[in-house]
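Novice: return a 3D structure for these sequence lines:
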Amino acid sequence: MPSFRPASPTPSRSAGVHGTPARGTPAVGRLPRIDLSEVLAALSRALDLTEGQPQGHSARSAVIGMRLADELNFAAPDRAALYYAVLLKDAGCSSNAARMSAIFGADDRAIKPRMKLVDWHRRGRLALETWRAVGSDGELGGGMLRSKIRHFAAIARTPGITRDLIQVRCDRGAAIVLGLGFPQLTADAIRSLDEHWGGGGYPDGKRGTEIPLFSRIANLAQCVETVHASHGVEAAMRVIRKRRGSWFDPILVDRVLGWRDDRAWWDALARTSPDDVRLDGPANTGPVDASRLDDVARAFAEIIDAKSPYTYRHSSNVADYAVAVARAMGLAPDAVATLYRAGLLHDVGKLGVSSRILDKPDRLTDAERREVERHPGYTWDILSAVTAFQPFAWTAATHHEKLDGSGYPWGLTGDKLDTPARILAVADMYEALTADRPYRAGMSPDAALAILRREQGTTLCPNVIEALESCVRKRRATA
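Specialist: Residues are numbered from 1 along each chain as shown. Below you'll find the predicted structure:
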């Protein structure tokens, strides 16, 4: 289970919760000096969530990668390229979550870390672990058995299924980091992350030095971190020794085996979290200005929306609706720009929700609904850890709160919800109503607005709904 817990319903004043921005809240274009590594290390929490990994997995993997970079005497540009390759190695992970969940008939967040530890080269062991993992969505007794048989048979009948799942995530991850302006070395490292030294990896079956060095480091680093976090140093040493020459570059394995007795370092690694923003990475990876911050927010919006086939462009659409409404209501340009980022990242916490729940075509159970209702708390935990995101973290996290206190997860009332929060709640609801969902087709704008009007004054802000209607009318007039 994810390690995040919903934050207190009485958050820090620094988040601008009560409608009055904290003193010193940065304006657009006047951000305080914030290093890119701080932003992306904090956002790596979201990637850990959707991979089902403990908080800090990506950050600790980056620490391992940086120690190898030190021992191999990497120059500064190569250190930076490797640092971001390991930190963002799972940038494409949400793109195969829905399919993996459907294929295995189980929670993708449970399947991913479980299968990552299996030695794919031992076919019997792989088949056994696949059997254990599949079909957990079935009911107890005969229902579960039938579900397991059905899903296991479907996997066995589908050649190349593992390659396809890995290729989707690796290609998407490489595209995301290129879009963020990172060098081709970083993208290539992510593209070949799951290739194995002996040639049995994916997606291309590369072997030996055909695999980019950064990929070899990242693959080894993530394995060491995963096993160390769950079973300790000795277990990590056993696993990489056993996979030396099959999964991993023997020279790199020998380097890591040489760390076995460095207890102080392993103890420090176990304590490393994404809050240790510089980690052991490059001393200066570049400041973030307003434009760069928007690029990062848009990239993570794509990662968020890839989690489900039913949320394509949801985050960017919500952000666009929120901006249009904010402008119609006369908000200042700085406030509009901040609300845009909140819209892009409001659902980052959904990366911690199972795709089996997000894509379920039937009514959710009470337990499933409770799981969905945790996602704004995850959003708060992730965004509030980034200095540059603190001005809008609370706005993003409160997008399901209602004026009458009937929203979730904190049950806040209107006096705790400022204008940006009210705008984002309406924008999110309107986008959700007009988009297709597993259980219904998207509504027309008129039908969606009619539903919003029924809620105005009780759960939703009348002024915001009026502004949204005005924006919809103008859009029609210019279409």
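Novice: show the subsequent helix or strand relative to the lowest-mean-pLDDT helix or strand in the chain.
Specialist: Every helix and strand of the chain was ranked by mean pLDDT, DSSP states H and E. The lowest is helix 142-156, at a mean of 76. Downstream of helix 142-156, the first helix or strand assigned by DSSP states H and E is helix 161-179.
Novice: next, the buried residues of that next one.
Specialist: Using 16 or more other C-beta atoms under 10 Å as the test for burial, helix 161-179 gives 162, 165-178. To be clear about C-beta, it is placed using only N, CA and C from the backbone, and glycine gets the same treatment.
Novice: and stretch 323-337, by the same measure?
Specialist: Of the residues in stretch 323-337, Val323, Ala324, Val325, Ala326, Ala328, Met329, Leu331, Asp334, Ala335, Val336, Ala337 count as buried by neighbour count, 16+ other C-beta under 10 Å.
Novice: which SSE is the last one in?
Specialist: Okay, so that is Ala337. Assigned by DSSP H and E, Ala337 belongs to helix 333-345.
Novice: let's see that helix as PDB, backbone CA atoms only.
Specialist: The C-alpha coordinates for helix 333-345 follow below in PDB (Å, rounded to 0.1, in the frame of the first residue of the first chain):
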ATOM      1  CA  PRO A 333      -2.600  37.200 -14.400                       C
ATOM      2  CA  ASP A 334      -0.400  35.700 -11.600                       C
ATOM      3  CA  ALA A 335      -3.400  34.000 -10.000                       C
ATOM      4  CA  VAL A 336      -4.500  32.700 -13.400                       C
ATOM      5  CA  ALA A 337      -1.100  31.200 -14.100                       C
ATOM      6  CA  THR A 338      -1.000  29.600 -10.700                       C
ATOM      7  CA  LEU A 339      -4.500  28.100 -11.200                       C
ATOM      8  CA  TYR A 340      -3.300  26.700 -14.500                       C
ATOM      9  CA  ARG A 341      -0.600  24.700 -12.700                       C
ATOM     10  CA  ALA A 342      -3.100  23.500 -10.100                       C
ATOM     11  CA  GLY A 343      -5.400  22.300 -12.900                       C
ATOM     12  CA  LEU A 344      -2.600  20.400 -14.600                       C
ATOM     13  CA  LEU A 345      -1.600  18.600 -11.400                       C
END
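Novice: what does that helix contact?
Specialist: Applying C-beta atoms under 8 Å, 6 or more residues apart in numbering, the contact partners of helix 333-345 are 27-28, 290, 293-294, 297-298, 300-301, 304, 315-316, 318-323, 326-327, 331, 379, 383, 389, 391-392, 395-396, 420, 423-424, 427.
Novice: now do the buried residues in the next helix or strand after that helix.
Specialist: Downstream of helix 333-345, the first helix or strand assigned by DSSP H and E is helix 355-358. Of the residues in helix 355-358, Ser355, Arg356, Ile357, Leu358 count as buried by neighbour count, 16+ other C-beta under 10 Å.
Novice: stretch 85-103 too?
Specialist: Buried residues in stretch 85-103, defined by neighbour count with 16+ other C-beta under 10 Å: 85-103.
Novice: centre of the chain to the helix holding Ala337, how far?
Specialist: Put simply, helix 333-345 sits 19 Å off its chain's centre (C-alpha atoms, centre = their mean, to the nearest Å).
Novice: show the average pLDDT along it.
Specialist: Averaging pLDDT along helix 333-345 yields 96.
Novice: what do you get for stretch 45-64?
Specialist: The average pLDDT within stretch 45-64 is 92.
Novice: got the CA positions of that stretch in PDB?
Specialist: Listed next in PDB are the C-alpha coordinates belonging to stretch 45-64 (Å, rounded to 0.1, in the frame of the first residue of the first chain):
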ATOM      1  CA  ARG A  45       6.900  10.400  -5.400                       C
ATOM      2  CA  ALA A  46       4.100  10.200  -7.900                       C
ATOM      3  CA  LEU A  47       6.000   7.700 -10.000                       C
ATOM      4  CA  ASP A  48       6.700   5.600  -7.000                       C
ATOM      5  CA  LEU A  49       3.000   5.600  -6.300                       C
ATOM      6  CA  THR A  50       1.900   4.300  -9.600                       C
ATOM      7  CA  GLU A  51       4.700   1.700  -9.700                       C
ATOM      8  CA  GLY A  52       3.500   0.400  -6.300                       C
ATOM      9  CA  GLN A  53       7.000   1.200  -4.800                       C
ATOM     10  CA  PRO A  54       7.700   2.600  -1.400                       C
ATOM     11  CA  GLN A  55       8.000   6.300  -1.100                       C
ATOM     12  CA  GLY A  56      11.500   7.300  -2.100                       C
ATOM     13  CA  HIS A  57      12.300   4.400  -4.400                       C
ATOM     14  CA  SER A  58      13.200   6.500  -7.400                       C
ATOM     15  CA  ALA A  59      15.200   8.900  -5.200                       C
ATOM     16  CA  ARG A  60      17.200   6.100  -3.500                       C
ATOM     17  CA  SER A  61      17.800   4.500  -7.000                       C
ATOM     18  CA  ALA A  62      19.300   7.800  -8.100                       C
ATOM     19  CA  VAL A  63      21.600   7.800  -5.100                       C
ATOM     20  CA  ILE A  64      22.900   4.400  -6.100                       C
END
